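# Any chance you could fold what I've pasted below:
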Amino acid sequence: MRATLLALLLSLASAAGYALAAVVQARLAQAGSAGRGALRRLSARPLWWWAVALNAAGALLHVAALHYGPLTLVQALGALTLVAALPVGAWYARRRVARTEWRGALATVGGLAGLVAVVGPAAPGDALSLPEALAVAAAAALLIAVLVRRSPAPDGCGPGSGPRAASGSVLGLATAAGVASAVASALTQTVTASSARRLPGGPVTVWQAVLLTVLVAVFALGGLLLSQAAYRGGLAAPLAVVNLSNPAVAAVIGVALLGETFRAGAVGWLVAAVSAGLAARGVILLTAGQPRPAPDAEQGPGAGREQPEAEPDPGPVIA
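Next up, the predicted model:
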């Protein structure tokens, strides 16, 4: 009982850390710290390092929570990041959280909790072998490249683009961020198992361990920068997609390679399908309910005055 309570507290603290980090990243993104040369500009801003520290603290607390509590509980509570980030982000922007945003957040969290609940965890200590880890890293890199290539700048400045295209690019970048973060977590588990000499297929050499560590750093940093770019389109919807795609990719890796299964057979698959639909509905509500003035303000000094007149036909303004 004490271990479960400790896992609960650690999970809540982890969600709070991730939520604060997301709000800070959104603030930086809407101030123009995205696009080419983003890492150079971000590294010169102390606020960015606060975001990095908060993300690292959230990750460490998440790992600690997994040590004391079951995966289903910890992963489900991780979804509270979105619920915590909404009021904090709204407070910073000096506005109230819209009812549509609350409905979207609750639907997303409920769907994510349902997905996590029907996935059975692998045996303790299970991890990817070195060939599996390298294959997962290669496949994830290819998927991320496709998502990024199909997701132009989220501020929608290109000819023929509009709010719908900009929203699609934001969600694509957020999906890529979730994929990168999930793979970083899976590879971290492999590094941990290799250091304890419990890696499937036997121990790895020093250079192989270094390679895995470098891959973890690359995917973790990639996830951070991709989410940073996605937050140009707001906070709620990108954060919801990151929170969904991360455990979804982790579940795919677990089912395909670590022996995880869906509980309750056909009923488990049905629950997963309904939960996925509920989560998708939540993302749609968050996308429709989030305010868009901040990204538009980056286009120029006169954008704020022209915006009300351009609402019926936003194409010419964006072009």
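
# where's Arg232 relative to Gly114, distance?
Counting by CB to CB, to the nearest Å, the gap from Arg232 to Gly114 is 30 Å. From N, CA and C alone the C-beta is placed, and that goes for glycine too.

# So the two - more neighbours on which side?
Neighbours were counted for Arg232 and for Gly114 using other CB atoms under 10 Å; Arg232 has more, 27 against 19.

# Touching, that one and Leu28? I think so.
No - counting by CB atoms under 8 Å, Arg232 stays clear of Leu28, with 9.8 Å between them.

# any idea which helix is longest in this structure?
helix 163-195 (DSSP state H).

# From the contact counts, what lies against it?
Counting contacts by 3 or more CB pairs under 8 Å, 6 or more residues apart in numbering; DSSP states H and E, helix 163-195 packs against helix 130-149, helix 206-230, helix 236-257, helix 265-289.

# could you give the mean pLDDT of that helix?
Mean pLDDT, helix 163-195: 81.

# Give me the buried positions along that helix.
Within helix 163-195, the residues that count as buried by 16 or more other CB atoms under 10 Å are 163, 165-191, 193-194.

# tilt between that helix and helix 236-257?
Per axes from the mean of the first three to the mean of the last three CA atoms, to 10 degrees, the angle that helix 163-195 makes with helix 236-257 is 40 degrees.

# Helix 163-195 relative to helix 265-289, how many degrees between them?
Counting by the same axes, to 10 degrees, helix 163-195 lies at 130 degrees to helix 265-289.

# So Gly89 sits against Pro238, correct?
No - the criterion here is CB under 8 Å, and Gly89 misses it with Pro238 at 11.3 Å.

# In terms of neighbours, single out the busier of these two.
A side-by-side neighbour count of Gly89 and Pro238, using other CB under 10 Å, places Pro238 first with 34 against 25.

# tell me the most buried of the helices and strands packed on helix 163-195?
Comparing the helices and strands packed on helix 163-195 by mean neighbour count (mean count of other CB atoms under 10 Å), helix 236-257 ranks first with a mean of 24.

# Let me see the mean pLDDT of it.
85.

# I'd like the distance between Val252 and Val218.
Applying CB to CB, the value for Val252 to Val218 is 20 Å.

# re the thing from before, give me the distance between the longest helix of the chain and the centre of its chain.
6 Å (CA atoms, centre = their mean, to the nearest Å).

# ditto for stretch 258-277
Taking the mean of its C-alpha atoms, stretch 258-277 sits 22 Å from the chain's own mean (CA atoms, centre = their mean).

# show me the contacts for the residue positioned nearest the centre of the chain.
The structure's the chain has its C-alpha centroid closest to Val242; by CA atoms, centre = their mean the separation is 2.3 Å. Contacts for Val242 (CB atoms under 8 Å, 6 or more residues apart in numbering) come out as 174-175, 177-178, 181, 227, 230.

# can you put these in JSON lines and add distance to Thr81?
Output for the contacts of Val242, formatted as JSON lines (distance: CB to CB, whole Å):
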{"residue": "Ala174", "distance to Thr81": "13"}
{"residue": "Thr175", "distance to Thr81": "16"}
{"residue": "Ala177", "distance to Thr81": "13"}
{"residue": "Gly178", "distance to Thr81": "12"}
{"residue": "Ser181", "distance to Thr81": "12"}
{"residue": "Ser227", "distance to Thr81": "12"}
{"residue": "Ala230", "distance to Thr81": "15"}
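
# Of all pairs in those residues, which one spans the longest distance?
Ser181 and Ala230 (12.0 Å; CB to CB).
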